[in-house]
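Asker: have a look; sequence and predicted model below, questions after that.
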Amino acid sequence: MLDLTTTYLGLKLKNPLVASASPLSKKVESARQLEDAGVSAIVMYSLFEEQIIQESLKLHRDLTRGTESYAEAISYLPDYGTYSIGPESYLEHLNKIKSAMNIPIIGSLNGVSTGGWVEYARKIEQAGADALELNLYFLATDPELSSAELEASHISLVKDIRQQVSIPIAVKLSPFYSSLPHFARQLVNAGANGLVLFNRFYQPDFDLDELEVVPNLVLSNSNELRLPLRWIAILYGRVQADFALTSGVHTASDVIKAMMAGARVAMVASEFLQRGIGRASEILADVQHWMEEHEYASIQQMQGSMSQQAVAEPAAFERANYMRALSSY
């Protein structure tokens, strides 16, 4: 019998297919559908640093507005019986999701600076999350900010959050670091148990009629798999972390490639949003069919089998591949 199990962040999962952070986790009903379709874990949609800070400032204004002038200022105080700021609603929803599910639920915290907001890592743990994914979504635009300073701030953030929680932490990265292997190792030394490769930066567009810069959301496709595939294959065995591959996972072949590169799990969002949650069961069935056809007994058997350390031509992952690709056209 085929063994699809894998281990990610210390969690024993029934298969390597994980639902990544998306709007599908905003409703208990769709989360249950994901579980029924076969996903082994769900990453919650993100709670943003900006949300926490904004709501904290709003609450501070509510508490202090008018107190310097009016004794009646007590009337401005919110009714704590019904008052619920955004971050608290996130924690309540996470708790509902966790209570309704039989698979691990991974909380998601999106932020880039140290500060009082990191205490929400502990609150996410208290709400029932089995692990925490820290999403480092940051675009460096300040010419005065060096890469060393940026990386040091992110390392400090991981250390601060590690002090807040005892559950495993995965750090979701972009590919835009000058020395990704070194930075990845520093993150692990700071307390990260896993690395999620890669975050997708959504690029703005120009509206030529209104002459405005507008947000533009484009879902992924399988061609985007190659970047995280390459880097996981390079980092596997060199950085002691559990790797999750995200961006570009749409088919069973994508999942299998992720495992062979060295990932513990393959994370999916765009495929479910485009073609429905039922795609999970189809992908898993196709994975099993491929394993039977190619005589693989388990997921563990293939993990890392095509990493840079395992293949006959390790230079294919480096500069040599660039020259070979150009000459082959």
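Answerer: Perfect, thanks for sending it.
Asker: is residue 300 within a helix or a strand, and which one?
Answerer: Using DSSP states H and E, residue 300 sits in helix 299-302.
Asker: quick one: buried residues of that helix?
Answerer: Using 16 or more other C-beta atoms under 10 Å as the burial criterion, the residues of helix 299-302 that qualify are 299, 300, 302. Just so you know, the C-beta spots here come from the backbone N, C-alpha and C atoms, and that holds for glycine as well.
Asker: next one: stretch 132-148
Answerer: Along stretch 132-148, these residues count as buried under the neighbour rule (16+ other C-beta under 10 Å): 132, 133, 134, 135, 136, 137, 138.
Asker: dump that stretch to CSV, restricted to CA.
Answerer: Extracted in CSV, the C-alpha atoms of stretch 132-148 (Å, rounded to 0.1, in the frame of the first residue of the first chain):
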residue,chain,number,x,y,z
LEU,A,132,2.8,29.7,12.6
GLU,A,133,3.8,30.9,9.2
LEU,A,134,5.6,34.2,9.2
ASN,A,135,5.2,36.0,5.9
LEU,A,136,8.1,38.4,5.2
TYR,A,137,6.4,40.3,2.4
PHE,A,138,8.6,43.4,2.1
LEU,A,139,9.8,45.4,-1.0
ALA,A,140,12.9,47.4,-0.3
THR,A,141,12.6,50.8,-2.0
ASP,A,142,14.8,53.0,0.2
PRO,A,143,18.3,53.5,-1.3
GLU,A,144,19.7,54.2,2.1
LEU,A,145,18.6,50.7,3.4
SER,A,146,21.4,48.2,2.8
SER,A,147,20.8,44.5,2.3
ALA,A,148,22.7,43.7,5.5
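Asker: now find how far off-centre it is within its chain.
Answerer: 16 Å (C-alpha atoms, centre = their mean, to the nearest Å).
Asker: would you mind listing the outside residues contacting it?
Answerer: The contact list for stretch 132-148 (C-beta atoms under 8 Å, 6 or more residues apart in numbering) reads 21, 43, 46, 106-112, 121, 124-125, 150, 154, 157-158, 161, 165, 167-174, 177-178, 192, 196, 199, 201.
Asker: before we move on, what about stretch 118-125?
Answerer: Stretch 118-125 is contacted from outside by 47, 52, 87, 91, 94, 107, 109, 111, 132, 134, 157, 160-161, 164-167, using C-beta under 8 Å, 6+ apart.
Asker: PyMOL command to pick out the buried ones of the residues you listed?
Answerer: In PyMOL, a selection of the buried entries from those looks like this (16+ other C-beta under 10 Å):
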select buried, resi 47+52+87+91+94+107+109+111+132+134+157+160+161+164+165+167
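Asker: in helices only, show me the contacts of stretch 118-125.
Answerer: 52, 87, 91, 94, 157, 160, 161, 164 (DSSP state H).
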